[in-house]
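**Q** sequence unknown, structure follows:
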């Protein structure tokens with residue numbers, strides 16, 4: 001196991017990821033890369049360069065992309081994996097992960113999360129604080145499940161979806177790729193067209 005972790009992105013999301021990494025106690029050195037030249041330290045951890053500097057550490061470090069925007073996170077993670085850099089996965093020690101759950105590279109599971117049995121989490125996903133994902137869910141690549149979201153059983157969430165804080169998705173629902181689900185939304189029917197949705201029940205805004 002590589003003893004160095006580089007977190008790409010030193011803003012708020014990066015802080016939460018750094019906190020998980022520190023609690024896991026797997027790495028002897030944790031530091032950041034960030035393109036904002038005005039920053040040199042976050043949470044007492046050094047910012048040692050920009051995103052492009054990741055390649056200097058290819059053979060000695062693991063990487064995690066701490067960028068909230070799904071498409072930017074996808075772009076950066078794919079850049080790393082295309083060059084065969086080692087992208088890791090972080091799971092908070094206070095998360096509950098059921099039997100037969102798969103979590104792919106680059107995904108992060110925050111504190112208080114429950115992921116129940118036979119669920120699949122794709123690449124580069126954010127499963128944020130105290131969200132609940134029930135049995136037999138499929139979460140495709142580069143999805144952001146915000147804090148306190150609740151997904152019932154057998155839900156499929158398409159690639160690049162962002163599900164806002166406190167939203168609820170009923171069982172057996174399919175969300176097509178490329179949707180933004182506003183905070184507090186209740187989804188009780190399949191969403192078949194990309195766009196922004198909000199309300200109780202969910203309706204398309206634009």
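**A** That came through, no problem. In this text, all values refer to a predicted model and were calculated from it rather than measured experimentally. Numbering: from 1, shown residues only.
**Q** When you work out contacts or count neighbours from here on, use the C-alpha atoms and nothing else.
**A** Will do.
**Q** Tell me which helix or strand in the chain has the weakest average pLDDT.
**A** strand 41-42 (a mean of 84; mean pLDDT, DSSP states H and E).
**Q** partner strands of whichever helix or strand comes after it, parallel or antiparallel?
**A** Note on strand 41-42: by DSSP states H and E, the next helix or strand toward the C-terminus is strand 45-46. Looking at strand 45-46 with DSSP bridges, its partner strands are strand 41-42 (antiparallel).
**Q** from memory residue 90 sits against residue 104, does it?
**A** No. If you go by Cα atoms under 8 Å, residue 90 and residue 104 don't touch, sitting 10.2 Å apart.
**Q** center of the protein - which residue?
**A** The centre of the chain sits closest to residue 126, judged by Cα atoms, centre = their mean, with a distance of 1.6 Å.
**Q** Now that one. Nearest residue, chain neighbours left out?
**A** Spatially, and ignoring its direct neighbours in sequence, residue 126 is nearest to residue 144 (4.7 Å; Cα to Cα, 6 or more residues apart in numbering).
**Q** Pairing partners for the one you found in the sheet, please.
**A** The partner residues for residue 144, given DSSP bridges, come to residue 126, residue 162.
**Q** What separation do you get for it and residue 30?
**A** 24 Å (Cα to Cα, to the nearest Å).
**Q** residues near residue 12, how many?
**A** Number of residues near residue 12 (other Cα atoms under 10 Å) recorded here: 13.
**Q** For it, give me its contacts.
**A** Residues near residue 12 by Cα atoms under 8 Å, 6 or more residues apart in numbering: none.
**Q** With residue 132 instead?
**A** By Cα under 8 Å, 6+ apart, the contact set of residue 132 is 113, 114, 115, 148, 149, 150, 151.
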